[in-house]
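*Asks:* Compute the structure for the input listed below.
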Amino acid sequence: MKILVVEDEIQLADALSELLKRNMYSVDTFYNGIDGLDNALTGVYDCILLDIMLPGMNGIEVLREIRREKINAPVLLLTARSEVDDKINGLDCGADDYLTKPFVTGELLARVRALTCRKGEIVDENRFEYKDVALHKNTCSLSCGANDIKLSLKEYLVMEMLIANPVQILTKERIIEKIWGSESDVEYNNIEVYISFLRKKIASLGADIQIKTARGIGYFLE
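*Replies:* Numbers count the residues shown, from 1 in each chain. Just a heads-up that it's a prediction; the model follows:
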């Protein structure tokens, strides 16, 4: 899952980014409303954490533009305790939830989990399934029946995308944007390496699913 953090308090923004990455999210961080909006409009994010008080363009203005452009990613507003009117205005403008600073990190993660919907079957907050395999967030592993195998972080993120979008073809461009970021210089053969690793691990589990190639386009589960 890919999350956009837009927060002008650099120390807080970087702490949020690190927290989310430790919890297996892919994160992009920006410190002003203009850069935040430009990236939100790419449509690649599964959730947006948006501060209200931002330089260049405030969070409410960013939110209005996001919704005007039909970007449907859930938005969690980060607000100061005194910004009651802004909370109401933000919800009216299309925010999905808000969190008042200072907040407990566990609550932030719980709200992000509540806002992010997966197309795979959710078993609990740390595991979701497709057919006979289960992906485990807390152990960064993939299992089938009694068999279990560890994944690297990148393998986990690629597998998460595939399970969250079953039978849908994921283009190589979309995988790069989601996992490495739009500014990355990662090449297609990097993705092919991780797909190869995953195929071997899925086969070793004896799973009924396979990662198939849509030639010249990308990959999908079958």
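
*Asks:* Heading C-terminal from the longest helix anywhere in the chain, find the next helix or strand.
*Replies:* Looking across the chain with DSSP state H, the single longest helix is helix 188-205. Once the chain leaves helix 188-205, the next helix or strand it forms, by DSSP states H and E, is strand 211-214.

*Asks:* Tell me the strands beside that next one, with direction?
*Replies:* The pairing partners recorded for strand 211-214 under DSSP bridges are strand 218-221 (antiparallel).

*Asks:* Give me the neighbour count for the nearest residue to Leu19 once chain neighbours are set aside.
*Replies:* Sequence neighbours aside, Thr105 is the residue nearest to Leu19 in space, at 5.7 Å (criterion: CB to CB, 6 or more residues apart in numbering). In this view, the C-beta of every residue, glycine as well, is placed from N, C-alpha and C. Look at Thr105: counted by other CB atoms under 10 Å, it has 12 neighbours.

*Asks:* Quick check: buried residues in the longest helix of the chain?
*Replies:* For helix 188-205, burial by neighbour count (16 or more other CB atoms under 10 Å) applies to Asn190, Ile191, Tyr194, Ile195, Leu198, Lys201, Ile202, Leu205.

*Asks:* Which strands and helices lie in contact with it?
*Replies:* Secondary-structure packing of helix 188-205 (3 or more CB pairs under 8 Å, 6 or more residues apart in numbering; DSSP states H and E): strand 141-144, strand 147-150, helix 153-164, helix 172-179, strand 211-214.
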